[in-house]
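> here's my sequence, what's the structure:
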Amino acid sequence: MWVSKEPTGDPQLPAHADDAPIPAGEPGGGGDRRTRRSRPMQRAHPAALEFDITYPTTPANLRAVRALLARLGLPAELVLKIIDEAEYYPAMRASLRGSRTLRAIDDCQRPGGSCAARLCLVAPPLPGPAQDETWRVRRVAWDLDGRDQGWGGEAPGTFRGAYSWYEACIIRPLPTADNAPTSAEDGPAADIDGLAQWFAAARKYCAPKDARPDLEAIGYTLVPNGRTDAFVWLVQRNRVAVKQFAHYRVEWAAGQHVDSADAEENGRGTGEGFLETLQPGDRLAMWMRAQYPGWANTVTAPSVEVLYDVY
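Numbering: from 1, shown residues only. Sure, this is the predicted structure:
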């Protein structure tokens, strides 16, 4: 949990040309007046990443609903239960447009090497709370369609020996950087543009940790995984030697019990410690990985959605 002591006020969602009710047939559609915001990032490089950023629910929405339920005379405990059952929490979603392909040999930073890592998704800063509010992340959900090179491996069709996979990391502004936590209405597309485009500009790494010096040069750092010696959390592996794309959804929720054996069998990461490590201003990011000659990784439309609470 995180308690804000800086006055930020109660943000109001500004009018925007892309604001629109969610259509019927989509989650929350058919009369739900939640607002969609989508601001594609400007293309600054031929290989630049383009993201869609949306805020289905904002802290202002949550405060308004709590106040409305309280005015109906409902006990505070019942108000919280209603909101929790409906999962009516502030949310932020970032998704990549199109596909990316990574090859272990071609995209390795070391001459003659066969390991590669490339950032394929970066979210805007996690919005912070208002003054004296407590803040915490309730759920992080990753969605992607991915596949490997479609041949080879020792156990085709399974996740055993899969050397094509995805990892999550937390990118945090350095204490000296002028990157204070923002509200959900601050228009994050321009804020993350420089970081995302910088990663997209033909930079090759063998592993995410190799990006730390470059990140620190522009005012950021990778947050270590306190349970391992790495700076990443496994999200998902691709099935071995399967040419067709498979859809994967990986959810990490506060307080959930994860069956580690089941997660390993299905190629998923448990996300242990990830939510507890997050704080306002952090950026969630996903890396695509490939290792050993012949291995490749192709991902389409990866996305991340964060549900958080302010109270």
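> what about Glu167, neighbour count?
Each residue near Glu167 was counted by other CB atoms under 10 Å, and the total is 21. Using the backbone N, CA and C atoms, a C-beta is placed for each residue, glycine as well.
> an error on my part: the question was meant for Leu275.
Leu275: 19 neighbours (other CB under 10 Å).
> try Glu50
When neighbours are counted by other CB under 10 Å, Glu50 registers 15.
> surely it and Ser99 touch.
No: the pair Glu50 / Ser99 is not scored as a contact, 11.8 Å apart, by CB atoms under 8 Å.
> quick one: pLDDT of the residue nearest to Val250 when sequence neighbours are not counted?
Distances taken as CB to CB, 6 or more residues apart in numbering put Trp142 closest to Val250, at 4.6 Å, once the chain neighbours are dropped. Listed pLDDT for Trp142 reads 99.
> output the below-cut-off pLDDT ranges for the stretch 51-200 of the chain.
For the stretch 51-200 of the chain, applying pLDDT under 70 flags the ranges 177-194, 196-200.
> helices of that one, start to end?
Taking DSSP state H, counting those that start in this stretch as the criterion, the stretch 51-200 of the chain carries its helices at 59-71, 76-86, 188-200.
> most distant residue from the middle of the protein?
Gly73 (37.5 Å; CA atoms, centre = their mean).
> next, the buried residues of the helix or strand harbouring Leu275.
Per DSSP states H and E, Leu275 falls inside helix 274-277. Within helix 274-277, the residues scored as buried using 16 or more other CB atoms under 10 Å are 274-275, 277.
> let me see the ranges of the strands in the protein.
Applying DSSP state E to the chain gives strands spanning 2-3, 51-54, 91-96, 99-103, 115-122, 134-147, 164-173, 220-222, 233-237, 246-253, 283-291, 296-310.
> so Met92 is in contact with Leu126, correct?
Yes: if you go by CB under 8 Å, Met92 and Leu126 touch, sitting 7.2 Å apart.
> shared neighbours, those two?
Counting by CB atoms under 8 Å, 6 or more residues apart in numbering, the residues touching both Met92 and Leu126 are 306, 308.
> count of neighbours near His247?
Neighbour count of His247, defined by other CB under 10 Å: 10.
> residues in contact with it?
By CB under 8 Å, 6+ apart, the contact set of His247 is 143-145.
> at 10 Å what do you get?
Contacts here follow CB atoms under 10 Å, 6 or more residues apart in numbering; on that basis His247 touches 143-146, 300-301.
> buried ones among these?
Using 16+ other CB under 10 Å, the buried ones in the contacts of His247 are 143-144, 146, 300-301.
> thinking Thr58 is in contact with Pro90, fair?
Yes: the criterion here is CB atoms under 10 Å, and Thr58 meets it with Pro90 at 5.6 Å.
> contacts only, for Lys204.
So Lys204 contacts 102, 106-110, 113, 116-118, 210 (CB under 10 Å, 6+ apart).
> now for the residues you listed: which two are most distant?
For those, the maximum inter-member distance is 16.7 Å, found between Asp106 and Asp210 (CB to CB).
> more neighbours, those two?
More neighbours surround Asp210 than the other of Asp106 and Asp210, with 16 against 12 (other CB under 10 Å).
> just to revisit the earlier point, wait, which of the strands of the chain is closest to Tyr205?
Smallest distance to Tyr205 across those (CB to CB): 4.6 Å, for strand 115-122.
> pairing partners for Ile170 in the sheet, please.
Beta-bridge partners of Ile170, counted by DSSP bridges, are Leu284.
> I'd assumed Met286 was in contact with it.
No: when contacts are counted by CB under 10 Å, Ile170 is not listed as touching Met286 (11.2 Å).
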